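>>> Here is a sequence together with a model predicted from it:
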Amino acid sequence: MRVALLGSGRGSNAEAVLRAQAEGRLGQAKVVGIYCDNPTAKMLELGPRFGVPAQFLDTGSFKTKFSPEREQAWAEALIAARVDLVVLAGFMRVIKAPLLEAFAGRMINLHPSLLPAFPGLDAIGQAWTAGVNESGCTVHWVNADIDGGAHLGQSRVGRESGDTLETFSQKIHAAEHALLPAVIAQLSQSLSR
């Protein structure tokens, strides 16, 4: 199963996937490309470190979505790379057609909350402000609803009395780094059949 990682920032979740691959924990999945919408993102540095092609692709002039022609170009790039599964790992853009159409049922997202609670931006901050005793992360299928696709896996993280927003965030990120590679490995078995 050929996997593309899409991201916007430092790439800690992408790195967790690439480490899992290097350690043989990604099942039948193989990361074949890293694609980033930010030309200065640390995520792009993962390519040379792990021997995976990494590239910046322009998204157009919008801050939180693609221009229609640039989204078509991204879809064409992923199709040309023969990608089987698109993994949104810290990708801060709303996905619409043609990416949704080209990869229907083959695109997943990692979100830092126990969906359906706290969808959208700053989910950890939302959970912290709400004072919940527990949050976590969710891997879900991507569809037209923001953070609304069917869940593939969740990992729960308790909020301890001594936690700060920073320590709570660190625990959720650690849970993400375990959950995302595990879900990709599971999908590599079911999607490869």
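Okay, I see it.
>>> mind listing the helices for this protein?
For the chain, the helices defined by DSSP state H occupy 12-22, 46-50, 68-80, 99-102, 123-130, 165-191.
>>> a markdown table please, covering these and showing mean pLDDT.
As requested, the helices of the chain are exported to a markdown table (pLDDT from 0 to 100):
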| stretch | mean pLDDT |
| --- | --- |
| helix 12-22 | 97 |
| helix 46-50 | 96 |
| helix 68-80 | 90 |
| helix 99-102 | 94 |
| helix 123-130 | 98 |
| helix 165-191 | 96 |
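>>> looking at those, which is buried most?
When the helices of the chain are scored by mean count of other CB atoms under 10 Å, the highest mean neighbour count falls to helix 12-22 (a mean of 21). For the C-beta atoms, the positions are set from N, CA and C on the backbone; glycine is no exception.
>>> now that helix against helix 165-191, angle please.
50 degrees (axes from the mean of the first three to the mean of the last three CA atoms, to 10 degrees).
>>> Mind giving me the packing neighbours of helix 12-22?
On a contact count with 3 or more CB pairs under 8 Å, 6 or more residues apart in numbering; DSSP states H and E, helix 12-22 meets strand 2-7, strand 30-36, helix 46-50, helix 165-191.
>>> With respect to Asp58, which of these lies nearest?
strand 30-36 (10.6 Å; CB to CB).
>>> returning to that earlier point: need the helices of the chain in a markdown table with distance to Gly148, can you?
Listed next are those as a markdown table, based on distance: least, CB to CB, whole Å:
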| stretch | distance to Gly148 |
| --- | --- |
| helix 12-22 | 20 |
| helix 46-50 | 29 |
| helix 68-80 | 19 |
| helix 99-102 | 12 |
| helix 123-130 | 14 |
| helix 165-191 | 17 |
